[in-house]
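Engineer: What shape does this take:
(chains A and B)
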Amino acid sequence: MSTPCLTVVRPGLFATIQDLGRFGHQELGMPVAGALDPIALRLANALVGNPAGTAGVEIALLGPALKVEADSVRVAVVGPMALSVEREGASPQPLEPHRSHTLTRGDVLKLGAVTGAAVAYLTVAGGFALEPFLGSLSTYVRAGIGPLGGKPLGDGTRLPLNRDTAPPGTDVELTEPPDYGGGPVRVVLGPQEDRFTAVAVETFLSATYRVGKDADRMGLRLEGPTLAHTGSADIPSDGLVTGSIQVPGNGQPILLLNDHQTAGGYAKIATVISADLPRVGRLSPGGALSFRAVTVEEAEAIRRRQEQTIAAWVRAIRPVRPAGGVDLEALYAENLVSGVVDIVNGNGDILNQEQMCGRAP
Amino acid sequence: MDVRFTTAGDTAFNVEFGEGIDRPTNARVMALHARLKAAAPPGLVETVPTFRSLQVVYDPAATSRREVQAAVEAELAHAGDAPADGSLWRLPVCYDPEFGPDLAELSASLGLSADRLIDLHGSTEYFVYMLGFMPGFAYMGDLPGKLEKPRRSEPRVRVPAGSVATAGRLTTVYPWESPGGWHLIGRCPVPLYDGARPSPVLLSAGDRVRFEAVDRARFDALAAETAAGRFDADTLRAAP
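Structural biologist: Presented below is the predicted three-dimensional model:
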């Protein structure tokens, strides 16, 4: 019996294995990497019953096609993308994102274009049987670090699975796609806001910037009004984090994302707060954004509220309801258990759980 | 104490010990780095030493800036400025003109012969101030003043892995092929980054480095041994 796996039959454009990042080795110059949209990865893991930080496939632009070479596998996709399954002898069947799907041997899962965000995520129940490097399965392509030789999925890549059958239970879904909120991206000024003129700080916090075409997992070059330094743009290199906004001598800001180098020598005007990192990780070239300053304490409170919201989304995960509104099998099962079914809402227990937790904002 | 805290969002802050690149300032950075590593306060993710500041990274979902900063201040009160000695490394370097395409221009602009430049570069014990830019990229000081020259105005798109280079008062060995604006004067046959080693990065912040000139034949032999997996890089570590 060969190792259960998903085999890439069409590689897509840029799909990499990512978890929540390789922390603890930045002192060696090792970038953190990890999922650009950690909320989507966490939800995709919740849908297949994995711990939140289990590695999944981050899909940029156009996804791969994957053939199931296991008895069965449960997968989930979170993000704005089209997908379908091809079964031998049957016509392709579209599948919904934001839910799990149980596939069987020979099925080909076709992941299409990611539209409306930079990335989407595919997870598998039980995770991939890949060897962590320095404690993480995140891929850093620039230096070929991480699983699969640190490379994006290629034609014929085999993604080994920890399980050769899907776990018992039915498929589940999010009640709705995650809502990332809108409005200006919130930042904390610093660490070197004193290296910029007062006008530059005011401009930064009032202008609209556009993501330029130089945008990748390392960072987003922003196009907009120039920001003037009080002196030189250069500082003795110091630490960078995901969300650091550095401004080189040309005055055009660069918003650093997960593959950022660990240290840099340009003055940084501000840092995106952790709760808004998933939003900026979803930005693509041409996307517009503006900034609003908050304090560290406000940023912490926003993050705490966000964690509660994510927990509520996870708690609200429910068995999939069929397109027609009534799942007869579930109905019969429910009748056998409780004898009473609310036909309109499908499953009374789950409705109660939703009311208790509150709908997603 | 003349320590300044600066803010990097709600996941990190910097403890700044000064403005310049000098050993006493960096020693204080390294001393606090060592103490925080040992103390491991709750919610601390990691600390990243740089020239004159320590970046303190924490998990805002598990702790707060206030709590982490309090822990840092408690360690600061006890942190001296004398971290444990790092390793001393003897790194081979071949100054063949093929490996040092900037050797001629750099030595001419500094008013030195190429041989004198090579002598000066090899006569100094360098200190690894920090790593960054790429995994294993070590910023080493302090280059003799006579060799000081700003970065190239036109950075190269591709600098070969192993290139030994200088910029300002710093020198380095490029662990990867990458873009780079430093002056290339030679090449080291031993990889500074090797994913197969238990600790893939050879040098750590706080280590010291001496460059030892080797001729082309020795370079080729060492490169071949390395490629065949027969060279133990630990043999380059000198007794302290």
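
Engineer: Give me the domain ranges for chain B.
Structural biologist: Under the assignment the TED database, the domains of chain B span B:4-77, B:88-236.

Engineer: need these in a markdown table with mean neighbour count and distance to chain A, can you?
Structural biologist: (Each C-beta comes from the backbone N, C-alpha and C, glycine too.) Output for the domains of chain B, formatted as a markdown table (neighbours: other Cβ atoms under 10 Å in any protein chain shown; distance: least, Cβ to the nearest Cβ, whole Å):
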| stretch | mean neighbour count | distance to chain A |
| --- | --- | --- |
| domain B:4-77 | 20 | 3 |
| domain B:88-236 | 18 | 3 |
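
Engineer: Can you name the next helix or strand after the helix or strand in which residue B:116 is found?
Structural biologist: Element membership for residue B:116, per DSSP states H and E: helix B:114-122. Note on helix B:114-122: by DSSP H and E, the next helix or strand toward the C-terminus is strand B:126-131.

Engineer: Report the mean per-residue pLDDT for the helix or strand that that following strand is followed by.
Structural biologist: Tracing the chain past strand B:126-131, the next element assigned as helix or strand by DSSP H and E is strand B:138-141. Strand B:138-141 comes out with an average pLDDT of 97.

Engineer: What are the contacting residues of strand B:138-141?
Structural biologist: Strand B:138-141 is contacted from outside by A:237, B:21, B:51, B:126-132, B:169-173, B:192, B:203, B:205, B:207, B:209, using Cβ atoms under 8 Å, 6 or more residues apart in numbering or on different chains.

Engineer: now with 6 Å?
Structural biologist: B:126, B:127, B:128, B:129, B:130, B:131, B:169, B:170, B:171, B:172, B:203, B:209 (Cβ atoms under 6 Å, 6 or more residues apart in numbering or on different chains).

Engineer: just stretch B:31-43 next, same as before
Structural biologist: Taking Cβ under 6 Å, 6+ apart as the rule, stretch B:31-43 contacts B:47, B:49, B:54, B:58-59, B:62-63, B:71, B:75, B:79-81, B:83.

Engineer: Is it possible to get TSV of those that adds distance to residue B:148?
Structural biologist: Listed next are the contacts of stretch B:31-43 as TSV, based on distance: Cβ to Cβ, whole Å:
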residue	distance to residue B:148
B:47	30
B:49	24
B:54	27
B:58	38
B:59	41
B:62	45
B:63	43
B:71	39
B:75	35
B:79	32
B:80	31
B:81	26
B:83	27
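
Engineer: Specify the beta-bridge partners of the residue most central in space within chain B.
Structural biologist: For chain B, the residue sitting closest to the mean C-alpha position, by Cα atoms, centre = their mean, is residue B:138 at 2.1 Å. For residue B:138, the beta-bridge partners under DSSP bridges are residue B:131.

Engineer: Could you chop chain A up by domain?
Structural biologist: Chain A is divided into the following domains under the TED database: A:5-173, A:185-312.

Engineer: rewinding a little: got CSV for the contacts of stretch B:31-43, with pLDDT too?
Structural biologist: Formatted as CSV, those follow (pLDDT from 0 to 100):
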residue, pLDDT
B:47, 98
B:49, 97
B:54, 98
B:58, 98
B:59, 97
B:62, 95
B:63, 97
B:71, 97
B:75, 95
B:79, 76
B:80, 78
B:81, 74
B:83, 77
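
Engineer: Those residues in helices, which ones?
Structural biologist: Of the contacts of stretch B:31-43, the ones assigned to helices by DSSP state H are B:71, B:75.

Engineer: out of the contacts of stretch B:31-43, what pair is the most spread apart?
Structural biologist: B:62 and B:81 (30.4 Å; Cβ to Cβ).

Engineer: So which of the domains of chain B is nearest residue A:314?
Structural biologist: domain B:4-77 (14.3 Å).

Engineer: Tell me who's in contact with residue A:322.
Structural biologist: Contact partners of residue A:322, counting by Cβ under 6 Å, 6+ apart, are absent.

Engineer: Relative to chain B, how far out is it?
Structural biologist: Distance of residue A:322 to chain B, given as Cβ to the nearest Cβ, to the nearest Å: 36 Å.

Engineer: same deal with residue A:134?
Structural biologist: For residue A:134, the distance to chain B equals 8 Å [Cβ to the nearest Cβ].

Engineer: Ok, residue A:131 next?
Structural biologist: 11 Å.

Engineer: quick one: pLDDT of that residue?
Structural biologist: So, for residue A:131, pLDDT stands at 96.

Engineer: Using a markdown table, please lay out the domains of chain A together with distance to residue B:98 and mean neighbour count.
Structural biologist: Shown next, in a markdown table, are the domains of chain A (distance: least, Cβ to Cβ, whole Å; neighbours: other Cβ atoms under 10 Å in any protein chain shown):
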| stretch | distance to residue B:98 | mean neighbour count |
| --- | --- | --- |
| domain A:5-173 | 25 | 20 |
| domain A:185-312 | 29 | 20 |
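
Engineer: so which of those gets nearest residue B:197?
Structural biologist: When those are compared by Cβ to Cβ, domain A:5-173 sits nearest residue B:197, at 11.6 Å.

Engineer: First-to-last residue distance for that closest one?
Structural biologist: 24 Å (Cα to Cα, to the nearest Å).

Engineer: Between the contacts of strand B:138-141, which sits nearest residue B:226?
Structural biologist: Looking across those and measuring by Cβ to Cβ, the closest to residue B:226 is residue B:203, at 16.1 Å.

Engineer: Please look at that closest one and residue B:128 and confirm they touch.
Structural biologist: Yes. Using Cβ atoms under 6 Å, residue B:203 is in contact with residue B:128, at 5.3 Å.

Engineer: Would the helix or strand residue A:45 falls within count as contacting chain B?
Structural biologist: For residue A:45, the enclosing helix or strand under DSSP H and E is helix A:38-47. No. Helix A:38-47 does not reach chain B (Cβ under 6 Å from any Cβ of the partner chain); its nearest approach is 10.8 Å.

Engineer: ok now that helix, how far from the chain's centre?
Structural biologist: Put simply, helix A:38-47 sits 7 Å off its chain's centre (Cα atoms, centre = their mean, to the nearest Å).
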